[in-house]
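**Q** How does the following fold in three dimensions:
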Amino acid sequence: MTRPTLLAVSHGTSYAAGARAIADLVDAVAATLPDVEVRSAFVDVQQPDAADVVPTIDGPLVIVPLLLSRGFHVHHDLHGTAAGKADAVVAAPLGPDALLAAVLAERLQAAPATTSASPQPPAADAPVILAVAGSRDPASLTDAETMAALLADRLERPVELAYLAARQPDLPAALAARPDAVVSTYLLAHGYFFDLAARQAAGRAITPPLLDGGSVPPALVDLIVGRYEDAEALLGGGARSGARADARAGARAEAQPA
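**A** Numbers count the residues shown, from 1 in each chain. Alright, predicted model coming up:
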């Protein structure tokens, strides 16, 4: 039986490095799912637009948002597009998830870069500020708070939120309250919001985004595959999807802190 097409939909960016990192991520997912047709689309900035691609796909379709929380693009753009195709389903966005917390923790454990010369690296137990893009959608607030809690559990130390748009506290205010903090950027790839965070955190330790231009973290690939297979089951994936879900549950358990 042919498996549903996976349409990986990201926001889109005019930053070449960010666009390349997202493309590498999608390629890694395709390599992990050789029996699935994997395609890319976007909701803004880049082409092709998801709304134009979906009607051209024959057969069942799983749309996987390469987005870190719920919001307008998920609720309106993607669900609205999927509503016009009877055998299409939209998977959950990537966050919040323990696998993302694992990648964020790895970024923090590596020596974070600084946005300008800094006399001392951050202390191992320095406070952590999780910098998120921000959205006015109430669901995105819940998702950001949940992600901060997952990272705090992983690190076994407090994590505070700061927003790069739409909500308060913004990053400058959070850093003023915690001048010794390290900034963990909860962003998928380099682009406008990372540059904004770097400017606002000038002189402070800041981690790169989840995709930093190097090798694609396996946890991100596992997360996207998991989102796809959860949604595939809704389209009638049957026992095979159930077995894969059990395997993913084991992987997620390993991602949780001891």
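
**Q** Going by neighbour count, which residues of stretch 11-25 are buried?
**A** Buried positions in stretch 11-25, judged by neighbour count with 16 or more other C-beta atoms under 10 Å: 11-13, 18-19, 21-22, 24-25. (C-beta placed from N, C-alpha, C; glycine too.)

**Q** Spatially central residue in this protein, please.
**A** Leu68 (3.8 Å; C-alpha atoms, centre = their mean).

**Q** my read: that one touches Leu100, true?
**A** Yes. Counting by C-beta atoms under 8 Å, Leu68 does reach Leu100; the two are 7.4 Å apart.

**Q** what about Ala8, is that helix, strand or coil?
**A** Using DSSP: H, G, I helix; E, B strand; the rest coil, the structure places Ala8 in strand.

**Q** distance of it from Ala177?
**A** 37 Å (C-beta to C-beta, to the nearest Å).

**Q** Same check on Arg157?
**A** Here the criterion is C-beta to C-beta. By it, Arg157 lies 16 Å from Ala177.

**Q** distance between the ends of stretch 200-207?
**A** By C-alpha to C-alpha, to the nearest Å, the extent of stretch 200-207 from end to end equals 13 Å.

**Q** can you pull the buried residues of it?
**A** Buried residues in stretch 200-207 (16+ other C-beta under 10 Å): 200-201, 204-207.

**Q** List phi and psi for the nearest residue to Ile224 once chain neighbours are set aside.
**A** For Ile224, ignoring the flanking residues on the chain, the nearest one in space by C-beta to C-beta, 6 or more residues apart in numbering is Val29 at 5.1 Å. Dihedral pair for Val29: phi -70, psi -40, per degrees, to the nearest 10.

**Q** hmm, back to that, now do the shared contacts for Leu68 and Leu100.
**A** Shared contacts of Leu68 and Leu100 (C-beta atoms under 8 Å, 6 or more residues apart in numbering): 94, 147, 186.

**Q** Please flag which of those sit within helices.
**A** Secondary structure assignment by DSSP state H places Met147 of the shared contacts of Leu68 and Leu100 in helices.

**Q** for the shared contacts of Leu68 and Leu100, which one is nearest Val216?
**A** Distances from Val216 to the shared contacts of Leu68 and Leu100, taken as C-beta to C-beta, are shortest for Leu94 (13.3 Å).

**Q** if I read this right, the closest one contacts Val74, doesn't it?
**A** No. Counting by C-beta under 8 Å, Leu94 stays clear of Val74, with 10.5 Å between them.

**Q** if we can go back for a sec, among the buried residues of stretch 200-207, which one lies nearest to Glu37?
**A** Using C-beta to C-beta, those come closest to Glu37 at Thr207, 34.1 Å.

**Q** Neighbours of the spatially closest residue to that closest one that is not a sequence neighbour, how many?
**A** Closest residue to Thr207 apart from its sequence neighbours, by C-beta to C-beta, 6+ apart: Arg107 at 4.0 Å. The burial count assigned to Arg107 is 18, neighbours taken as other C-beta atoms under 10 Å.

**Q** show me where the protein has strands.
**A** Secondary structure of the chain (DSSP state E): strands at 5-10, 38-42, 61-65, 88-90, 113-114, 128-132, 159-163, 182-186, 205-206.
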